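S.K.: Mind looking at a prediction? Sequence and model below.
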Amino acid sequence: MKKGPIGVWFSVALAIFLLSLWTGSHLGSAAARYWYRHKRQAQIKTDGPERAHLESVLSDLNTVPPLELFAPLYANDKELGKKYLLNDVGVLESIEQKSNRQEIKPVIDFNLGRACVYAAMIEEQTGDKEQADRHMRSAQPLFQSLGWSDYSEATLKTVARRQLHQWNLHLATEESGK
């Protein structure tokens, strides 16, 4: 069987294609290694005071306790929730007093404000209106400092209830129809 000109040219084109794939893979990996080394060297050069400051700020952020992990506990067990919330409020207040970093102050203020609102709601459920008012008065200036235009007691409670609804939790005041 005699090969026609189309078969020869097809074989040549296939050989060129395969050769370019092989060469491209080697050149591509070499280019990637060069790029990686170049970027790594640039990163090593910038590991100076900016990096130390960034790591310090991130370390401070890691000390802020996440309230979302304990929200189910707060909503379902009043006494235990009250105990842990008051502890969280104390921890957040001490972090706020110790930290002089303006970068994380809004995060601390927001979490402290939420903890105070949750504590006020639980105190209200247990019948301690004076403590509930004190916690709410502590939360309102925090939200005002964050730029909230409406930081009334009703608004803060509504926001807290909506957040609890994210976890499908209901406070006793909502179940009784209040």
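M.R.: Good, I have the coordinates.
S.K.: which residues touch residue 160?
M.R.: Contacts for residue 160 were tallied using C-beta atoms under 8 Å, 6 or more residues apart in numbering; they are 114, 117-118, 121. In this view, the C-beta of every residue, glycine as well, is placed from N, C-alpha and C.
S.K.: of all those, which two lie farthest apart?
M.R.: 114 and 121 (10.7 Å; C-beta to C-beta).
S.K.: Over to residue 151: give its phi and psi.
M.R.: Torsion angles at residue 151 (phi, psi; degrees, to the nearest 10) stand at phi -120, psi 30.
S.K.: In contact with it, which residues?
M.R.: Applying C-beta under 8 Å, 6+ apart, we find residue 151 in contact with 139-140, 143-144.
S.K.: from these, which would you call buried?
M.R.: 139-140, 143 (16 or more other C-beta atoms under 10 Å).
S.K.: So which of the residues you listed belong to helices?
M.R.: With helices taken from DSSP state H, the overlap with those comprises 139-140, 143.
S.K.: roughly how far is the strand or helix carrying residue 60 from the heart of the chain?
M.R.: For residue 60, the element it lies in under DSSP states H and E is helix 49-62. Taking C-alpha atoms, centre = their mean, to the nearest Å, the mean C-alpha location of helix 49-62 is offset from the chain mean by 16 Å.
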